[in-house]
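Chemist: sequence first, predicted model second:
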Amino acid sequence: MTAPASILILHCHDLGRFLGSYGVATVSTPALDALAGEAVVFEQAFATSPHCSPARASLFTGTYPQRNGVLGLTHEPFAWDLADPSSHLASRLGRAGYRTELVGVQHESRVLPDPEVAERLGFDRVRTGGDRDLVVERAVEALDAAAADARPFYLQVGFTEPHRVPSERDRPGVMGFLGSAVEADDSRGVTVPPFLVDDDGAREEMAELQGAVAHMDEGVGRVLAHLDRLGLAERTIVLFTTDHGLALPRAKCTLYDAGLEVAMLLRAPGRSGWAGRRITAQVSHVDVVPTLFELAGLEPPAGLAGASLVPLVEEGRPARRHTFGQLTFHTYYDPKRSVRSPSHKLIANFSNAPRSMDPTQSWVHRSLPADLAGPSVGTSPALELYDLVDDPEERRNLAGADPEPAELPALAATLLDWMRRNDDPLLAPEPGHRRHELALAGLVDAAGRDTAGRDTAAAAASPDPLPTRNPPQNPSATSPGGVERRNVRT
């Protein structure tokens, strides 16, 4: 019997798809561009959440935040946690006989001392933290140890870059991308995303971001080069991805595509059709765990929300029709949910929070959203509907338009069905929370006009199986609507 393949996951913070292989000509990413040439590039891959911990919890468990329990950040003072830590990919692979190790970022479960993280998540060894060079050094050590072990290995390597970090080189009040080791890079010009105002402040910010991405890319290249030197590449599946979109206004912490889009490169040596391919069908991070299990020759776990991408890549079978997004807590309570088809996006906003949460962790803004550049950002409408073909930047809200867009009822029914199947706590309106009531009533009303009966059809056709309901981690801390409010600051 052939031994299972080893698995190396390389991931970083806040990247979105800001890579040369995704068409950003001004950023220098030779290592990841080379990996893209040897891998499948998923051009329409999406996170389940536009901020770190919930997105990573979905990536490493194959379940949505409503199920896995991580509806907010896992570090203090928030301390959200996986309802079942043994559902982590490392624990599952450890039970299958893998050597397991984590280096660098761990933000998908409760932030605890490394030995406790290892025991809870199923890693043989965990060494968290560190800048790029320390992460590379430890990853190289882990690969050396794996090469001397007969077991297949699972190595999870997380880079902090290009997350915003404090720097003495920042102007007062600004937190940029430089840290202590990054240099801004505008040698090829700068790319200002179309959702930002293209001005001097944005260009300064994007030059820093480009430098941080290039810095991370060099680290990825050093790890992959060592994998090659050890002769492990031909029996190791390599995945590179990020948690969510760029840490810029109207991206991170929003359910627009700019907040949920992720780079996803997957190299599967020895498999036909996995080198130099680009897949345009939309896929979700919850599809990663079942895909890795099938590629490794293992029986996939039960109760996952996603489906293996192997049939899509190797047989051209139809992909999922919808991807789903959610935000509940970041630094304050801002509940919203979304469903995306290849042509349209529906967002339901359950609170009166500002239209665009500040993801910059900086009280001085150098870049502004192109559609929020007035004197006030205002609050989000209860429902937002966008035509992604005619309006890819999601600026023209079609919800409430006359005549009503034909896509609204079916998308509302699909979103409600997904929320029901995942026991979403937002299905229970909080007493006195008028916006919550309006958003939910708007969804229900729109879904009721779906004459095709999409609510029932979606459940039958969905790739998302029904796992066992995870109980709340702290029932005494739940709100009347069933959502935990743990140390939330407004």
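Modeler: Structure received.

Chemist: give me the element V289 is part of.
Modeler: Using DSSP states H and E, V289 falls within helix 288-296.

Chemist: packing partners for that helix?
Modeler: helix 52-61, helix 89-95, strand 236-242, helix 310-315 (3 or more C-beta pairs under 8 Å, 6 or more residues apart in numbering; DSSP states H and E). C-beta here means a position set from N, CA and C on the backbone, and glycine is covered the same way.

Chemist: state the next helix or strand along the chain beyond the third one.
Modeler: Yep, that's strand 236-242 we're talking about. Counting by DSSP H and E, what follows strand 236-242 is helix 257-260.

Chemist: now do that next one: distance to the chain's middle.
Modeler: Distance of helix 257-260 from its chain centroid, counting by C-alpha atoms, centre = their mean, to the nearest Å, is 9 Å.

Chemist: for that helix, packing partners?
Modeler: So helix 257-260, by 3+ C-beta pairs under 8 Å, 6+ apart, packs with strand 323-329, strand 333-340.

Chemist: what pairs with the longest one, parallel or antiparallel?
Modeler: What that stands for is strand 333-340. strand 323-329 (antiparallel), strand 344-349 (antiparallel) (DSSP bridges).

Chemist: shaky segments in the stretch 301-450 of the chain?
Modeler: 360-363, 373-377 (pLDDT under 70).

Chemist: including distance to A83 and mean neighbour count, could the helices and strands packed on helix 288-296 go into JSON lines?
Modeler: Shown next, in JSON lines, are the helices and strands packed on helix 288-296 (distance: least, C-beta to C-beta, whole Å; neighbours: other C-beta atoms under 10 Å):
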{"stretch": "helix 52-61", "distance to A83": "10", "mean neighbour count": "29"}
{"stretch": "helix 89-95", "distance to A83": "13", "mean neighbour count": "21"}
{"stretch": "strand 236-242", "distance to A83": "23", "mean neighbour count": "24"}
{"stretch": "helix 310-315", "distance to A83": "28", "mean neighbour count": "17"}
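
Chemist: and D81, how many neighbours?
Modeler: 22 (other C-beta atoms under 10 Å).

Chemist: buried stuff in the longest helix seen in the chain?
Modeler: In the chain, with assignment by DSSP state H, the single longest helix is helix 200-229. Neighbour-count burial for helix 200-229 flags 201-224, 226-227 (criterion: 16 or more other C-beta atoms under 10 Å).

Chemist: quick check: mean pLDDT across that helix?
Modeler: What helix 200-229 shows for mean pLDDT is 97.

Chemist: that helix to strand 236-242, inter-axis angle?
Modeler: 170 degrees (axes from the mean of the first three to the mean of the last three C-alpha atoms, to 10 degrees).

Chemist: now helix 200-229, how far from the centre of its chain.
Modeler: So, by C-alpha atoms, centre = their mean, the centroid of helix 200-229 is 19 Å from its chain's centroid.

Chemist: give me the helices and strands touching that helix, please.
Modeler: So helix 200-229, by 3+ C-beta pairs under 8 Å, 6+ apart, packs with strand 6-12, helix 30-37, helix 132-147, strand 153-159, strand 236-242.

Chemist: returning to what we had before: most tightly surrounded among the helices and strands packed on helix 257-260?
Modeler: strand 323-329 (a mean of 26; mean count of other C-beta atoms under 10 Å).

Chemist: contacts for it, please.
Modeler: With contacts defined as C-beta atoms under 8 Å, 6 or more residues apart in numbering, strand 323-329 is touched by 46-51, 54, 64-66, 71-73, 78, 80, 253-255, 259-260, 282-284, 334-340, 415, 418, 424, 426, 483, 486, 488.

Chemist: how about stretch 284-296?
Modeler: For stretch 284-296, contacts defined as C-beta under 8 Å, 6+ apart pick out 4-5, 7, 45-48, 55, 58-64, 89, 92, 152, 237, 239, 241, 262, 264, 266, 268, 271, 299-301, 304-310, 320, 323-324, 464.

Chemist: what about dumping the CA coordinates of it to CSV?
Modeler: Coordinates of each C-alpha in stretch 284-296 appear next as CSV, following Å, rounded to 0.1, in the frame of the first residue of the first chain:
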residue,chain,number,x,y,z
SER,A,284,-14.3,28.0,-0.5
HIS,A,285,-11.7,27.5,2.3
VAL,A,286,-14.0,24.8,3.7
ASP,A,287,-13.2,22.7,0.7
VAL,A,288,-9.5,22.5,1.6
VAL,A,289,-9.6,19.8,4.3
PRO,A,290,-11.6,17.2,2.2
THR,A,291,-9.3,18.0,-0.8
LEU,A,292,-6.1,17.4,1.2
PHE,A,293,-7.5,14.1,2.5
GLU,A,294,-8.4,12.8,-0.9
LEU,A,295,-5.0,13.9,-2.4
ALA,A,296,-3.2,12.2,0.4
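
Chemist: and the closest residue in space to A34 that isn't next to it in sequence, how far from L232?
Modeler: Using C-beta to C-beta, 6 or more residues apart in numbering and skipping residues adjacent in sequence, the residue nearest A34 is G221, 7.8 Å away. As judged by C-beta to C-beta, to the nearest Å, G221 and L232 stand 16 Å apart.

Chemist: so for this protein, the centremost residue is which one?
Modeler: A47 (3.1 Å; C-alpha atoms, centre = their mean).

Chemist: go ahead and confirm it touches C253.
Modeler: No - applying C-beta atoms under 8 Å, one finds A47 not in contact with C253, separated by 11.9 Å.

Chemist: what ranges do the helices span in the stretch 351-490 of the chain?
Modeler: Listed in chain order, the helices of the stretch 351-490 of the chain (DSSP state H, counting those that start in this stretch) span 407-421, 434-448, 454-461.
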